[in-house]
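1. just to be clear, the model below is a prediction. Sequence and coordinates:
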Amino acid sequence: EAWTRAPAPMEAEAERRLEEAVAAPVPTSPAERRAAASHLAERLDAFAAAREHLTLPGPEPAARSRLLRMAVQRLVSLGVLPELLPGVAHKADPATGPPDTPPYDAAARRRLAGACGALWAAMRDPQVREVALRACGPQLLGGLLQVGHGPVAGLEATAEDTADEPAGPEASCARALSALEVTLPPPFLLQSLLGLRGVPGAPGWLKARCAEL
């Protein structure tokens, strides 16, 4: 009969706090959304950190898999999806989007890079990685590609962003994308790239980058 191990004390506490973050009320403003995404990213990272030195015999509890799926999906919905350009991992349909969507500028790129980087950092935990790729693989891949290759409004006129581009969250996302290219099973990567290219309204730069990969 299948059995599951009992969580270590630090792991159990990290799981409890992650559950609290997932159950928090849905934010109603952009500022609240960004704060909630940052807090959830911290809790997910703490969960991964609490499990780094554990040996994991036996299968994981189904309830934990559900919690991680909810946490990953909530982080993506709060921190990744609002910053994605039309056609990047979601259908480009102006009729369904808010008319006052802010431009994708350097600040938006930093926010997207931070959210993608936080999710990637938590994916050092094997279970978080498996759940994230299954639940939100296209959104993560699309976000990483947008950080590295998407057009940024006003970037040419912003010396600060052009001078230090290799550093910070953007560089972390570049490393994450390179790691996914070499570690994902080729059929899964190919399916994900074809899916991104096939989204209605996918921008040309995204299609070109997917074809290169």
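-> It's in. Computed from a predicted model, the values in this text were never measured in an experiment.
2. how about low-confidence regions in the chain?
-> Scanning the chain for pLDDT under 70 picks out the ranges 1-8, 54-60, 92-102, 155-167.
3. that one: helices as residue ranges?
-> Assigned by DSSP state H, the helices in the chain fall at 9-22, 30-50, 62-75, 106-122, 126-149, 159-163, 168-183, 186-197, 204-212.
4. out of these, which gets nearest to residue 83?
-> Of all those, it is helix 106-122 that lies closest to residue 83, at 3.9 Å by Cβ to Cβ. Quick note: C-beta positions are derived from backbone N, CA and C, even for glycine.
5. what's in contact with that closest one?
-> Residues outside helix 106-122 that contact it (Cβ atoms under 8 Å, 6 or more residues apart in numbering): 34, 37-38, 41, 44-45, 47-48, 72, 75-76, 78-80, 83-84, 102, 128, 132, 136, 140, 143-144, 146-147, 150, 152, 154-155, 158, 160-161, 168-170, 172-173, 176.
6. chain center to that helix: distance?
-> 7 Å (Cα atoms, centre = their mean, to the nearest Å).
7. contacting residues for residue 20?
-> residue 43.
8. what's the distance between it and residue 73?
-> Using Cβ to Cβ, to the nearest Å, one gets 17 Å for the distance from residue 20 to residue 73.
9. count the neighbours of residue 29 for me.
-> Counted with other Cβ atoms under 10 Å, residues neighbouring residue 29 total 8.
10. now for it: which residues touch it?
-> Listed by Cβ under 8 Å, 6+ apart, the contact set of residue 29 is empty.
11. need the phi and psi values for it.
-> Note on residue 29: its backbone torsions stand at phi -130, psi 160 [degrees, to the nearest 10].
12. and the gap between it and residue 35?
-> Residue 29 is 9 Å from residue 35, by Cβ to Cβ.
13. nearest residue to the middle of this protein?
-> residue 116 (3.8 Å; Cα atoms, centre = their mean).
14. quick check: nearest residue in space to it, chain neighbours excluded?
-> residue 143 (4.4 Å; Cβ to Cβ, 6 or more residues apart in numbering).
15. now do residue 131
-> The shortest distance from residue 131 to any non-neighbouring residue, by Cβ to Cβ, 6+ apart, is to residue 68 (4.5 Å).
16. quick check on the contacts of helix 106-122: which are buried?
-> Those of these that meet the buried threshold are 34, 37-38, 41, 44-45, 47-48, 72, 75-76, 78-80, 83-84, 128, 132, 136, 140, 143-144, 146-147, 150, 152, 161, 169-170, 172-173, 176, by 16 or more other Cβ atoms under 10 Å.
17. circling back to that earlier point, residue contacts, the residue nearest to residue 131?
-> So residue 68 contacts 47, 127-128, 131 (Cβ under 8 Å, 6+ apart).
18. in TSV: those residues, plus distance to residue 209.
-> Shown next, in TSV, are the contacts of residue 68 (distance: Cβ to Cβ, whole Å):
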residue	distance to residue 209
47	32
127	29
128	26
131	26
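19. most widely separated two among those residues?
-> Farthest-apart pair in the contacts of residue 68 is 47 and 131; separation 11.4 Å (Cβ to Cβ).
20. contacting residues around stretch 70-78?
-> Applying Cβ under 8 Å, 6+ apart, the external contacts of stretch 70-78 come out as 18, 21-22, 27, 33-34, 36-37, 40-41, 43-44, 115, 118-119, 128, 131-132, 135-136, 139-140.
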